[in-house]
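Q: Okay, predicted coordinates and the sequence, questions at the end:
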Amino acid sequence: MNAVEIEAAVSDLALQPFDAAEFPFAFLAAFGNKDTTLKRLRTGNSNASDIPGGVLLRNNIHLAVCAAGAVGDTLKALRSSPATTKAKARFILATDGQTLEAEELTIGETIACDYPDFPNRFGFFLPLAGISTIKEIKDNPIDVRATGRLNKLYVELLNENPDWAGDERRADMNHFMARLIFCFFAEDTGIFSRTGMFTQAVEQMSERDGSNAHAVLSDIFRAMNIRDAERAQAEPRLPSWANGFPYVNGGLFSGSTDVPRFTRMARTYLLHAGSLNWKQINPDIFGSMIQAVADDEERGALGMHYTSVPNILKVLNPLFLDELRAQLDAAGDNKAKLLNLRRRMARIRVFDPACGSGNFLVIAYKQMRDIEADINRRRGEAHLRSEIPLTNFRGIELRDFPAEIARLALIIAEFQCDVLHRGQQDALAEFLPLDAQNWIICGNALRLDWLSICRPTGTEVKVVADDLFGMPLDQKEIDFENEGGETYLCANPPYQGSVGQTAEQKDDMARIFAARLKAFKDLDYVAAFVLKAAQFNNLTGASSAFVTTNSITQGEQVAMLWPLVFQANNIINFAHKSFLWSNLANNKAAVTCVILGLCPSPASSRRLFEEERVRTVPNISPYLVATETVIVSKRSSTLSDIGHMLSGNKPTDGGYLTPCAEEKDLLLKEDPRTKPFIKRYVGSRELINGGGRWCIWVEDIDRTEAERISAFRARFEKVREVRLNSDGVQANEHASTPHRFVFAPHSRHAAIAVPNVSSERRPYLPCELTGFDTVVSNLASVIYDAPLWNMALIASRLHLVWIATVCGKLKTDFRYSNTLGWNTFPVPLLTEQNRADLTRCAEDILLAREVHFPATIADLYDPDTMPENLRHAHARNDEVLERIYIGRRFRNDTERLEKLFELYTRMTAAAKARPAAKATRGKKAS
């Protein structure tokens with residue numbers, strides 16, 4: 001269940017007559033617990049509560065219904081209950097049907113309210129459904145409740161008006177919803193002449209069955225598009241009851257006043273939405289949530305599209321707000337300095353080319369208004385009108401509804417800031433009519449000219465863009481005066497990876513990269529925004545900051561994207577290393593992101609944020625490490641004196657050389673001569689989880705003997721056909737050797753095998769020692785006949801952080817690459833004693849594993865249950881290896897990476913110098 005569905009269920013529960021016996025189960029059902037879970041609790045099979053009237057759900061909540069007036073005592077009993085502790089309950093709750101008290105035990109936060117009021121506290125309980133929450137939602141659920149009400153209305157209207165659901169009229173439908181939102185807000189904030197004016201007019205003037213509601217709403221909208229002086233001559237004539245609505249316009253009520261037809265339920269939903277107190281709407285929360293209403297695909301996540309203010313400020317603070325606040329502090333009470341700062345802020349433009357519903361722009365605007373208000377207070381001008389125009393907050397959004405909501409959210413934010421900083425009277429006096437200028441553009445940001453939308457100087461421009469067929473897009477002119485000033489670009493663009501891009505997105509990528517980069521198809525979609533921002537910065541002197549998945553700072557994408565960014569004369573001037581960019585969603589839905597700050601070179605200082613720590617550093621590399629700018633590229637040979645790692649054995653056989661277990665057993669049963677040729681066959685999954693597949697392994701020298709076996713001979717013929725019919729050159733070339741894999745480095749020597757994909761939860765990369773009877777597939781990498789001390793390198797924390805950084809990840813899993821991760825791994829020159837010590841460490845790790853046979857790698861390396869002897873063996877291995885690097889243990893992974901990149905830079909420079917030195921010596925000799 002999403003947050004909106006939970007709020008509706010809780011509200012319905014509170015409206016029903018209180019049933020003491022049923023309440024605990026109805027409460028749990030409201031938070032998405034399944035009928036089977038509730039049935040077990042009802043029968044007592046899984047209810048371990050030791051409190052009279054109590055129900056206990058493990059790892060969730062212990063709640064109890066009690067006698068009147070006993071709520072406080074019951075909550076104390078729940079808190080001290082041994083069953084609460086044993087079941088690891090996160091919440092406790094007690095109610096007598098008149099009052100309700102609850103506590104979140106992990107943080108000690110409590111609520112106490114009248115029972116009918118507890119739906120207003122539903123945000124407090126969202127963690128019960130696995131949904132993270134924020135203070136704003138806990139304290140004031142109006143944004144979620146409003147989203148839910150509007151969603152019901154939206155769906156009902158589309159069902160009644162199917163033509164409004166089509167492409168031709170969907171924009172009209174979305175504009176209608178934006179008008180409603182404005183009216184709900186205006187009637188509760190004094191913008192309209194009396195509280196509830198809009199909702200009351202609809203209720204009084206429309207029929208109960210909703211049959212004329214569309215006509216009533218149309219008259220109201222038409223009134224707000226006609227100036228007072230022109231109303232007497234309006235045709236058709238306005239009804240007298242509509243004359244009380246003020247002139248609003250500003251583009252919001254201009255054009256068609258057509259309204260979809262209402263049903264009885266649609267009218268009811270509208271009145272329910274209007275009954276909420278919209279004065280408390282938070283535009284940066286509500287805007288993000290409501291955008292899902294108009295998107296059929298996103299509606300399942302309704303009420304979850306919200307990014308917390310602290311996360312947004314991770315972008316905006318280092319981008320420009322920190323510097324403004326520092327200047328405010330430095331100004332003190334100096335009126336001249338304060339005036340200069342205010343004038344500077346009036347010329348700052350904030351531009352979001354992927355603005356969605358505008359939450360970055362809204363937060364930036366509100367923060368700047370706070371700073372301006374402080375300036376005005378210090379200058380004794382608290383009631384002065386703001387000099388920060390909304391038109392300085394510019395955005396591009398692909399979809400029309402979020403674009404409308406973004407503009408509306410900024411209008412609401414402006415009014416709320418005026419009320420907060422100047423008072424209700426001044427805010428109302430200057431609010432209407434709305435400004436008709438358009439500062440949120442609807443279009444494809446990667447096909448629009450950003451310079452036209454947000455120029456360094458505010459001259460009149462026309463947005464320039466072409467669609468796929470070369471036809472000019474219909475764009476509105478932007479006419480803003482803003483001499484000089486700074487521009488700051490911020491965005492949270494789409495994260496679409498290379499595999500899932502639409503045809504349109506692939507074309508966007510080609511437009512940005514094709515002329516600059518031959519191989520760009522493996523880049524994430526967000527990379528196009530980063531490069532376009534770098535070019536924008538270079539031309540305008542702007543600074544930019546992006547939230548992006550960490551994939552463009554890892555693996556092969558680094559070598560593709562970042563040279564282009566640096567060629568555009570940009571540097572990374574601040575960065576937040578990987579963290580969870582969570583919203584009001586299921587905890588598992590959080591995305592691992594980084595924040596990148598770009599500005600034209602040079603920059604006076606560079607800041608690197610790591611969790612709660614920030615460091616000023618001389619440089620930030622594309623891997624977000626405080627080292628020189630270095631890009632790791634694939635190598636065909638090892639940089640260090642370590643074993644040669646290959647990709648595993650590749651069959652390309654149509655399955656005929658890799659029989660399943662049943663086929664293997666049948667082969668052995670029918671002809672015992674097959675036994676010497678059948679070997680265990682393992683890839684990433686088998687190396688980690690145990691078990692194995694099987695393969696037919698025939699050396700060239702044994703081919704004649706193997707072909708005497710009729711079952712093998714038939715399989716080889718099938719393999720030959722598969723390879724001849726393949727489009728692959730490698731397969732075609734090996735059609736004449738159908739008894740062998742197309743790539744077959746497998747040897748009789750012991751080998752170290754490394755899975756190509758493994759879980760990021762493990763504290764070490766999995767690796768295994770294999771023999772001749774086990775063939776490693778191409779889903780793993782392998783070193784044949786390698787000294788055992790190589791395994792100590794692979795199994796180290798040092799190697800894990802290197803792989804995680806330079807190889808990148810597959811979703812959230814580590815992705816191993818022999819050419820990008822192992823061949824580039826920088827290892828100092830090792831003495832014989834170093835190698836002996838590392839060999840002993842590898843032996844100790846293998847012996848520690850052996851104690852727990854038949855436990856698998858997955859069992860042994862679960863971070864929660866890893867055996868102590870194995871943990872100790874790895875800790876010893878890390879200590880021995882790290883002392884070779886710096887003479888002591890590293891303090892953290894940051895220090896590990898910085899040392900590895902430093903060594904990599906030094907070793908690659910030395911490797912390049914050697915051929916040059918040889919060439920010089922050759923010339924002298926001649």
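A: Everything's here; your move.
Q: in the protein, which ranges drop under the pLDDT threshold?
A: Counting by pLDDT under 70, the chain shows low-confidence ranges at 132-140, 292, 296-307, 438, 457-484, 582-590, 810-812, 915-926.
Q: try 50
A: The chain contains residues with pLDDT under 50 at 302-304, 458-482, 584-589, 926.
Q: Mind naming the longest strand for it?
A: With secondary structure taken from DSSP state E, the chain has its longest strand at strand 570-581.
Q: Now do the helices in the stretch 51-200 of the chain.
A: Under the criterion DSSP state H, counting those that start in this stretch, the stretch 51-200 of the chain contains helices at 71-80, 82-86, 135-139, 142-160, 167-189, 197-205.
Q: do the same with the stretch 201-350 of the chain
A: Secondary structure of the stretch 201-350 of the chain by DSSP H, counting those that start in this stretch: the helices cover 213-223, 264-274, 283-290, 309-316, 322-331, 335-346.
Q: Please work out which of those is packed deepest.
A: helix 283-290 (a mean of 28; mean count of other Cβ atoms under 10 Å). Yep, even glycine has a C-beta here, placed from its N, CA and C like the rest.
Q: helices or strands next to that helix in the packing?
A: Other helices and strands packing on helix 283-290, by 3 or more Cβ pairs under 8 Å, 6 or more residues apart in numbering; DSSP states H and E, are helix 142-160, helix 359-378, helix 400-422.
Q: Just list what the shortest one packs against, helices and strands only.
A: I take that to be helix 142-160. Against helix 142-160 (3+ Cβ pairs under 8 Å, 6+ apart) you get helix 3-15, helix 135-139, helix 167-189, helix 264-274, helix 283-290.
Q: what angle do the last one and helix 3-15 make?
A: It stands for helix 283-290. Our comparison of helix 283-290 with helix 3-15, counting by axes from the mean of the first three to the mean of the last three Cα atoms, to 10 degrees, yields an angle of 100 degrees.
Q: Figure out how far helix 283-290 is from the centre of its chain.
A: Averaged C-alpha coordinates place helix 283-290 at 17 Å from its chain's average position (Cα atoms, centre = their mean, to the nearest Å).
Q: repeat for the fourth one
A: Computed by Cα atoms, centre = their mean, the separation of helix 264-274 from the middle of its chain amounts to 35 Å.
Q: about what we covered before: rebuild the helices and strands packed on helix 142-160 as TSV, extending it with distance to Asn732.
A: Converted to TSV, the helices and strands packed on helix 142-160 look like this (distance: least, Cβ to Cβ, whole Å):
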stretch	distance to Asn732
helix 3-15	56
helix 135-139	61
helix 167-189	47
helix 264-274	65
helix 283-290	54
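Q: among those, which is nearest Asp507?
A: With Cβ to Cβ as the criterion, Asp507 lies closest to helix 167-189 of those, at 20.0 Å.
Q: Which positions within the closest one qualify as buried?
A: For helix 167-189, a neighbour-count test (16 or more other Cβ atoms under 10 Å) marks 169-189 as buried.
Q: Tell me which of the helices and strands packed on helix 142-160 sits nearest to Asp449.
A: Smallest distance to Asp449 across these (Cβ to Cβ): 23.1 Å, for helix 167-189.
Q: elements contacting that closest one?
A: Packing contacts for helix 167-189, counted by 3+ Cβ pairs under 8 Å, 6+ apart, involve helix 142-160, helix 197-205, helix 264-274, helix 400-422.
Q: hang on, the earlier thing: any chance of the helices and strands packed on helix 283-290 in JSON lines with distance to Leu668 and mean neighbour count as columns?
A: Listed next are the helices and strands packed on helix 283-290 as JSON lines, based on distance: least, Cβ to Cβ, whole Å; neighbours: other Cβ atoms under 10 Å:
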{"stretch": "helix 142-160", "distance to Leu668": "61", "mean neighbour count": "22"}
{"stretch": "helix 359-378", "distance to Leu668": "64", "mean neighbour count": "22"}
{"stretch": "helix 400-422", "distance to Leu668": "63", "mean neighbour count": "23"}
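Q: Indicate which one of the helices and strands packed on helix 167-189 is closest to Gly332.
A: Among the helices and strands packed on helix 167-189, the nearest to Gly332 by Cβ to Cβ is helix 400-422 (20.2 Å).
Q: what's the following helix or strand past that closest one in contact with?
A: Sequence-wise, the next helix or strand downstream of helix 400-422 (DSSP states H and E) is helix 424-431. Helix 424-431 has contacts (Cβ atoms under 8 Å, 6 or more residues apart in numbering) with 190-191, 383, 385, 415, 418-419.
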